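**Student:** Have a look; sequence and predicted model below, questions after that.
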Amino acid sequence: MKNNPQRRERGFTLVELMIVIAIIGILIGTATYAWRSAQIQGNETSTVKALNTLSVVELQYFNMHNRTFAAMEDLLKENLVDSRFAGNPPVVNGYVITVKVVPKSTTQQSSYTVNADPQQSSGIGASGLNHFYIDSTAATIHVNRDQPAGPNDPPLGG
């Protein structure tokens, strides 16, 4: 019988495969983080746009209905907002929208406030990082990173 010289098979070693798997894991982790950040930014941008829209719609309602502002249900009935704003409270783009209206009386004018708070504000499934606020006194959106925003918080972009 003839002895065959030892043949060395070519291929990847276990260490090489583990390094490749680790690099792929790092790339997936980085891509996931970037995707979540982009999704949160998109939710916040859409929410700011929705708040601006609500401000304009409230002003339209105010001018059409004897100087009174509307609750969300009234805006829906008048078809001034779309069905995204249905629900109690409505959740739009991962943000819970809360509209509070003070009715007109003999001693005060009608007014409204709108808060937009992330549905989930921490962890991997966060829908947003910032809380937003707008009211009838000024069409300025206020922002707070830690808690529901109010009129004393800094204006967005300020």
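**Tutor:** Now that the structure is in, tell me what you want to look at.
**Student:** Quick check: the most centrally placed residue in the chain vs residue 21, distance?
**Tutor:** The chain has residue 43 as the residue nearest its centroid, 3.3 Å off, counting by C-alpha atoms, centre = their mean. For residue 43, the distance to residue 21 equals 33 Å [C-beta to C-beta, to the nearest Å]. To be clear about C-beta, it is placed using only N, CA and C from the backbone, and glycine gets the same treatment.
**Student:** you'd agree residue 50 is in a strand?
**Tutor:** No - counting by DSSP: H, G, I helix; E, B strand; the rest coil, residue 50 is located in no strand; its state is helix.
**Student:** Tell me, how many residues neighbour the nearest residue to it once chain neighbours are set aside?
**Tutor:** Nearest residue to residue 50 in three dimensions, chain neighbours excluded: residue 92, at 5.5 Å (C-beta to C-beta, 6 or more residues apart in numbering). Close neighbours of residue 92, defined as other C-beta atoms under 10 Å, add up to 22.
**Student:** which residues does residue 92 contact?
**Tutor:** Going by C-beta atoms under 8 Å, 6 or more residues apart in numbering, residue 92 touches 46, 47, 50, 84, 85, 116.
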